[in-house]
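Colleague: Sequence first, then the predicted structure:
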Amino acid sequence: MLIGAPATDREKNKMQREQWGSRFGFIMAAAGSAVGLGNVWKFPYLVGENGGSAFLIIYIAFMATIGIGLMMAEIGIGRYSQMNPVGAFRKIAGRGWSWAGMLGVITAIIIMSYYSVVGGWTIAYFIDTLSGAVVGGTPDELGSKFGALVGDTTRPIIYDVIFLGLTLAVVIAGVSSGIEKAVKVLMPLLFIMLIVLVARSVTLEGASAGIDFLLSPKWDEVGMGTISAALGQSFFSLSLGMGALVTYGSYLNKNDNIRSSASWVCFLDTAVAVLAGFLVMPAVFAFGFNPGAGPGLTFITLPAVFSGMWGGQLFQAFFFFMLFVAAITSSISLVAIPVSYLSEQFHMSRVKATLLVGAIVFVVSIPCSLSLGIWSDYTLFGYGVLDLLSNTVDWYLLPIGGIAVAVCAGWFAYDKIAAELTNHGELPFPLLGAWKFIMRIVAPIAITWVLVGPFLT
Ligand code: PFF
């Protein structure tokens, strides 16, 4: 800016608050948050357990309606307010709404506590694949190696610290010079690695049985449980209901088109989940393994599959590196939420806020990790700490956060968010009426149903 020249709106804005350097940067950051362990680890085993493509079809239907609608709402809330989630809800809908932002901040810290443990496993598996320690063997042998890692007292915690440390380093570096720089490299790399792996999987002899499994829906296996699992997964996968996109949206340029950016993020997130299905299932079927193996599918079944294939060690190393990339770009967004809250509401420096969040997450992650080993006897309602936290998030915290966003956007701040979605009438949005209807009626009812459904059956 020339000295003495009046500042334009954009320049004023930049002086006040950090912003994404480009639209591409924002889309990669939001897609980085969305694409994570949920897509590559959880989605394929949910498909395997819930009737193959029937689950896929229901999932896509939720993504294309409620998921994308809530994503636009969250980004709109963030950009309108230019604040962290607590300040954002308060600014857009009044004091009484701060709790919705606070819920997001707390949920982020809880998710991060177990996400960093699993993120640590991806580093361990990448290293152990390179050294050959988890290469080759039967599913039983690989199962006991996995059990030995997660049940160990120190190793998973060391990897947890490495994963957390890398995440904190990126967040400390800042929004555009840390987060954006990292995701602009990591996300395209992830897409390339995924496509290479899918190409390898679908060209295996016998892969067609897996492809059939993904393309022929078994509607008779679909029950209430499938539908609520699909909705819950779409929330977790899109990083909805806990302020991640409010936070990222708050750094978004006022001229950007929220509708089209949100559509891109939903598309990329769904595409990665579907591709992960096409990476895992054809390979699992080609080697005669069980598609319904549950959470062990990635860490036990896949290494067994890789060990039977030409170039298996290399592809396995690729796979776990990809899983690590997916996990770290999500964990960056998780940490960014409480960091923005602490630094803005308590005027803490970014470094101090990040280190404080890191310390809290680390302390909570220790019992999470130990709950799979020496502390496995300490349970509440039959669940160890890690499962308890993860289920509380999936079953209660994210749905409550989702309802809060929908009700806030549909009933309490509709005009303000609609103005964000159309850039104050400059951009056409022919489906605005449908979006309003989804926020006001469809999303609150559907999510409430998922929330209370288990108590009714
Ligand atoms: N969307 C991530 C995944 O699918 O793994 C998980 C996640 C990341 C949830 C960030 C929430 C969030 F804020």
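Modeller: That came through fine.

Colleague: so how far is G453 from W97?
Modeller: 26 Å (CB to CB, to the nearest Å). For every residue, glycine as well, the C-beta is placed using N, CA and C.

Colleague: So which of the two has more stuff around it?
Modeller: Each of W97 and G453 has its neighbours counted (other CB atoms under 10 Å); W97 has more, 21 against 15.

Colleague: Touching, the more buried one and G87? I think so.
Modeller: No - contact between W97 and G87 fails when scored by CB atoms under 8 Å: they sit 10.5 Å apart.

Colleague: Spell out which parts of the stretch 151-300 of the chain neighbour the ligand.
Modeller: F236, S237, S239, M242, A244 (CB under 6 Å from any ligand atom).

Colleague: go again using 8 Å as the cut-off
Modeller: For the stretch 151-300 of the chain, the residues in contact with the ligand (CB under 8 Å from any ligand atom) are F236, S237, L238, S239, L240, M242, G243, A244, L245, D269.

Colleague: Now for those: which two are most distant?
Modeller: Pairwise distances across those (CB to CB) peak at 17.4 Å, for the pair G243 and D269.

Colleague: more crowded one of those two?
Modeller: Using other CB under 10 Å as the criterion, G243 and D269 rank with G243 on top: 37 against 26.

Colleague: Report the contact partners of that one.
Modeller: Contacts for G243 were tallied using CB atoms under 8 Å, 6 or more residues apart in numbering; they are E74, N84, P85, A88, G101, G104, V105, T107, A108, I337, G401.

Colleague: swap the cut-off to 10 Å and go again
Modeller: Neighbour list for G243: 74, 77-78, 84-86, 88-89, 100-108, 249-250, 333-334, 336-338, 340-341, 401, 405 [criterion: CB atoms under 10 Å, 6 or more residues apart in numbering].

Colleague: what do you get for R79?
Modeller: R79 touches 88, 246, 248-254, 256, 258, 417, 420-421, 423, counting by CB under 10 Å, 6+ apart.

Colleague: For the stretch 301-450 of the chain, give me the ranges with low pLDDT.
Modeller: Along the stretch 301-450 of the chain, segments meeting pLDDT under 70 are nowhere present.

Colleague: same deal with the stretch 1-150 of the chain?
Modeller: 1-16.

Colleague: average pLDDT for stretch 207-220?
Modeller: Mean pLDDT, stretch 207-220: 90.

Colleague: Distance across that stretch, terminal residue to terminal residue?
Modeller: One end of stretch 207-220 sits 24 Å from the other (CA to CA, to the nearest Å).

Colleague: which residues does W20 contact?
Modeller: 26-30, 175-176, 179-180, 248-249, 251-253, 256.

Colleague: still on that earlier bit, please pick the buried ones from the contacts of R79.
Modeller: 88, 246, 248-252, 256, 258, 417, 420-421, 423 (16 or more other CB atoms under 10 Å).

Colleague: Out of these, list just those in helices.
Modeller: A88, V246, Y248, G249, I258, I417, E420, L421 (DSSP state H).

Colleague: which one among those residues gets closest to A326?
Modeller: Nearest to A326 among those, with distances taken as CB to CB, is Y248, at 16.8 Å.

Colleague: Now do the closest one, the pLDDT please.
Modeller: So Y248 comes in at 98 (pLDDT).

Colleague: what's the answer for the one 5 residues further on, then?
Modeller: According to the predicted model, the pLDDT of N253 comes to 94.

Colleague: List phi and psi for it.
Modeller: Dihedral pair for N253: phi -60, psi 140, per degrees, to the nearest 10.

Colleague: Now it: closest residue in space that isn't a chain neighbour?
Modeller: Q19 (5.7 Å; CB to CB, 6 or more residues apart in numbering).

Colleague: for R23, same thing?
Modeller: Per CB to CB, 6+ apart, closest to R23 is D256, 5.6 Å.

Colleague: and if you look at L432?
Modeller: A418 (6.2 Å).

Colleague: now that neighbour: how far from G136?
Modeller: 57 Å.

Colleague: List just the nearest of the buried ones among the contacts of R79 to F289.
Modeller: Nearest to F289 among these, with distances taken as CB to CB, is Y248, at 37.7 Å.

Colleague: What distance do you get for the closest one to G312?
Modeller: With CB to CB as the criterion, Y248 and G312 are 37 Å apart.

Colleague: Determine the set of other helices and strands touching whatever helix or strand I227 lives in.
Modeller: Element membership of I227, judged by DSSP states H and E, is helix 224-237. Helix 224-237 makes packing contacts with helix 43-49, helix 53-62, helix 68-81, helix 258-286, helix 398-407, helix 443-456 when contacts are defined by 3 or more CB pairs under 10 Å, 6 or more residues apart in numbering; DSSP states H and E.

Colleague: State the three-state secondary structure for A327.
Modeller: helix (DSSP: H, G, I helix; E, B strand; the rest coil).

Colleague: Count the neighbours of it for me.
Modeller: If we define neighbours as other CB under 10 Å, then A327 has 26 of them.

Colleague: can you tell me which residues contact it?
Modeller: 35-38, 40-41, 115-116, 118-123, 163, 167.

Colleague: ok, K254 touching H424?
Modeller: Yes - contact criterion CB atoms under 10 Å: K254 and H424 qualify, at 9.2 Å.
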